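>>> please work out how this folds:
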Amino acid sequence: MPEPGYYGQFGGSFIPEILVATFEELVQAFEQAKADPEFWNTYLKLMGSYSCRPTPLTYAENLTRHFGGARIYIKREDLNHTGAHKANNVMGQGLLVKRMGKGRVIAETGAGQHGVATATMAAKFGFDCTIYMGEIDVQRQRPNVFWMERLGATVIPVTEGTRTLKDAINEAFRDWVSAMDDTHYVLGTACGPHPFPEMVTWFQSIIGLEARRQVLEETGQLPARIYACVGGGSNAMGIFSGFLDDDVELVGVEAGGRGLETGAHAARLASSDASLGVAQGYKTFFLQDDDGQMKETHSVAAGLDYVGVSPILSHLKETGRVRFSAATDTEVVDALSLTIRKEGLIPALESAHGFVQAFKEAPTLSHDDVIIINQSGRGDKDIFTVADAFEDPGWKQFIRDKAKEYDAR
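Predicted structure coming up:
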């Protein structure tokens with residue numbers, strides 16, 4: 001029997017002794033919840049009444065006609081409450097926090113969607129909430145910071161290291177060590193020490209369970225391929241979970257940044273730049289140098305520029321069950337623009353990575369084939385970044401005028 005928390009050689013729980021009792025409590029609470037059908041039923045009821053689930057599976061008729069190959073369907077996690085798949089995990093962990101009798105939650109966030117979802121959950125359940133966010137991400141995702149604070153969360157910009165997601169995770173763990181008796185760390189992706197990879201995947205599996213049922217009802221067949229962006233891996237594991245036992249090709253798309261050859265990317269499994277290591281409590285592939293120091297990453301999408309990746313995805317890559325590719329910033333912006341114009345949908349920059357690879361491959365498939373793209377979030381959060389990428393003159397003028405208004409007050 002494999003040791004709990006391991007997926008092949010990946011995973012584990014490499015934590016300081018001071019956190020051992022806290023993790024034992026969490027593992028026990030999670031195992032009890034998993035074994036209790038009423039807990040899952042309560043979760044499904046909450047997601048239905050509060051978070052608008054099930055989210056639709058939308059046939060992208062115009063994109064299908066444009067590419068002339070496979071029929072393209074889009075799983076609409078952007079219509080989940082708070083605008084992304086992140087709510088699935090945080091609402092589940094919120095129910096677990098109530099079960100454990102704790103009153104405070106902390107979280108890390110990159111693009112801000114997990115932070116908004118955690119702050120929303122805390123407001124719903126009445127928890128105190130602190131969100132750690134890299135200073136760079138605070139600057140480029142200011143609208144999400146605004147909503148986190150309005151929801152009652154304290155947002156702490158992290159000024160150490162690269163000032164992005166990796167450093168936000170480090171700060172959240174430091175907080176947890178000092179306040180673990182009444183605090184739960186709502187880790188946002190399928191990474192970290194056991195039981196987080198399994199737990200986040202379990203809550204996110206609602207995506208794949210819905211998508212499998214929906215595609216069979218809509219088309220009478222399983223998809224040929226499923227595409228999902230990959231940062232830490234939560235949305236990918238969510239939709240992949242529904243199809244792991246089927247003859248369906250699963251494709252994860254990482255952040256290619258300025259190009260894999262430049263080193264300015266965040267591709268752990270689609271490049272040769274990552275190596276096996278242990279950091280932030282678990283064992284997986286990290287972008288690190290020969291001394292084990294984490295490298296700087298780059299992506300136009302704040303939610304994908306993480307140095308590590310889910311140990312479950314590392315195992316699925318090693319066993320050949322999931323194929324990985326990377327999409328560059330330029331390709332992502334182009335795919336986003338095409339999706340907006342053709343379908344009236346605005347994917348998050350993170351999600352648009354999955355669209356890039358699907359668009360490359362759809363024309364090579366038959367019209368008898370079906371593919372699904374997981375639109376893990378909506379793109380209105382990215383308006384500053386996207387407007388800059390499009391070099392929109394009207395937006396630039398709007399920002400100048402708004403700045404003058406503030407200066408005049």
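>>> nearest residue to residue 99 other than its sequence neighbours?
Computed as Cβ to Cβ, 6 or more residues apart in numbering, the closest residue to residue 99 that is not its neighbour in sequence is residue 29, at 5.9 Å. Heads up, the C-betas are built off the backbone N, CA and C, glycines and all.
>>> give me every residue that touches that neighbour.
With contacts defined as Cβ atoms under 8 Å, 6 or more residues apart in numbering, the neighbours of residue 29 are 96, 99-100.
>>> that one - that's part of a helix, no?
Yes. Remark: residue 29 belongs to a helix, assigned using DSSP: H, G, I helix; E, B strand; the rest coil.
>>> give me the pLDDT value at it.
Turning to residue 29, the model gives it a pLDDT of 96.
>>> domain parsing for this protein?
Taking automatic domain parsing as the domain assignment, the ranges for the chain are 7-48+85-196, 55-83+205-389.
>>> with residue 39 as the reference, measure out to the residue nearest to residue 99.
Between residue 29 and residue 39 the distance, using Cβ to Cβ, to the nearest Å, works out to 10 Å.
>>> any residues in contact with both of the two?
Shared contacts of residue 29 and residue 39 (Cβ under 8 Å, 6+ apart): residue 99.
>>> what ranges do the strands span in the stretch 201-350 of the chain?
Per DSSP state E, counting those that start in this stretch, the stretch 201-350 of the chain carries strands over the ranges 225-229, 249-257, 275-279, 282-286, 322-328.
>>> to residue 373, which of those lies closest?
Evaluated with Cβ to Cβ, the strands of the stretch 201-350 of the chain place strand 225-229 nearest to residue 373, the distance being 4.8 Å.
>>> parallel or antiparallel, which strands does that closest one pair with?
Take DSSP bridges as the rule and strand 225-229 pairs in its sheet with strand 249-257 (parallel), strand 370-375 (parallel).
>>> deepest of these, which one?
Mean neighbour count (mean count of other Cβ atoms under 10 Å) peaks for strand 370-375 among the strands paired with strand 225-229, with a mean of 28.
>>> please enumerate residues in contact with that strand?
Here strand 370-375 makes contact (Cβ under 8 Å, 6+ apart) with 57, 60, 70-78, 85, 207, 211, 215, 219, 221-229, 235-236, 238-239, 345, 347-348, 351, 354-355, 358, 361-362, 365.
>>> and with 6 Å instead?
Identification of contacts with strand 370-375 by Cβ atoms under 6 Å, 6 or more residues apart in numbering yields 70-78, 219, 223-228, 235, 239, 347, 351, 354-355, 358.
>>> and it, what's its mean pLDDT?
Along strand 370-375, the predicted confidence averages to a pLDDT of 98.
>>> hmm, back to that, please pick the buried ones from the contacts of residue 29.
The neighbour-count test (16 or more other Cβ atoms under 10 Å) applied to the contacts of residue 29 identifies residue 96 as buried.
>>> and of the contacts of residue 29, the nearest to residue 391?
residue 96 (45.2 Å).
>>> which residues touch that closest one?
29, 33.
>>> and the pLDDT at it?
97.
>>> need phi/psi at it.
phi -70, psi -40 (degrees, to the nearest 10).
>>> and for the one 10 residues further on?
Dihedral angles of residue 106 (phi, psi; degrees, to the nearest 10) stand at phi -130, psi 160.
>>> without its sequence neighbours, what residue ends up closest to it?
In space, not counting the residues next to it along the chain, residue 106 is nearest to residue 130; the distance is 4.8 Å by Cβ to Cβ, 6+ apart.
>>> ok, now which ones touch residue 180?
Counting by Cβ under 6 Å, 6+ apart, residue 180 has contacts residue 22.
>>> now do the SS call for it.
Applying three-state DSSP to residue 180 yields a three-state assignment of coil.
>>> neighbouring contacts of the helix ranked longest in the chain?
Of all the elements of type helix in the chain, the one with the most residues (DSSP state H) is helix 196-219. Counting by Cβ under 6 Å, 6+ apart, the neighbours of helix 196-219 from elsewhere in the structure are 30, 54, 57, 75, 88-89, 92, 187, 190, 223, 234, 237-239, 241-242, 310-312, 370.
>>> pull the CA atoms of that helix into PDB?
These are the backbone C-alpha positions of helix 196-219, laid out as PDB (Å, rounded to 0.1, in the frame of the first residue of the first chain):
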ATOM      1  CA  PHE A 196      -4.400  19.400   0.700                       C
ATOM      2  CA  PRO A 197      -3.800  17.900  -2.700                       C
ATOM      3  CA  GLU A 198      -6.400  15.200  -2.100                       C
ATOM      4  CA  MET A 199      -8.800  17.500  -0.300                       C
ATOM      5  CA  VAL A 200      -8.800  20.300  -2.900                       C
ATOM      6  CA  THR A 201      -9.100  17.700  -5.700                       C
ATOM      7  CA  TRP A 202     -12.100  16.200  -3.900                       C
ATOM      8  CA  PHE A 203     -14.000  19.400  -3.700                       C
ATOM      9  CA  GLN A 204     -13.000  20.400  -7.200                       C
ATOM     10  CA  SER A 205     -14.100  17.100  -8.600                       C
ATOM     11  CA  ILE A 206     -17.600  18.500  -8.700                       C
ATOM     12  CA  ILE A 207     -16.500  20.100 -12.100                       C
ATOM     13  CA  GLY A 208     -15.600  16.800 -13.700                       C
ATOM     14  CA  LEU A 209     -18.600  14.900 -12.300                       C
ATOM     15  CA  GLU A 210     -20.900  17.600 -13.800                       C
ATOM     16  CA  ALA A 211     -19.100  17.800 -17.100                       C
ATOM     17  CA  ARG A 212     -19.200  14.000 -17.600                       C
ATOM     18  CA  ARG A 213     -22.900  13.800 -17.000                       C
ATOM     19  CA  GLN A 214     -23.600  16.900 -19.200                       C
ATOM     20  CA  VAL A 215     -21.500  15.900 -22.200                       C
ATOM     21  CA  LEU A 216     -23.200  12.500 -22.300                       C
ATOM     22  CA  GLU A 217     -26.600  14.000 -22.000                       C
ATOM     23  CA  GLU A 218     -25.800  16.600 -24.700                       C
ATOM     24  CA  THR A 219     -23.900  14.500 -27.200                       C
END
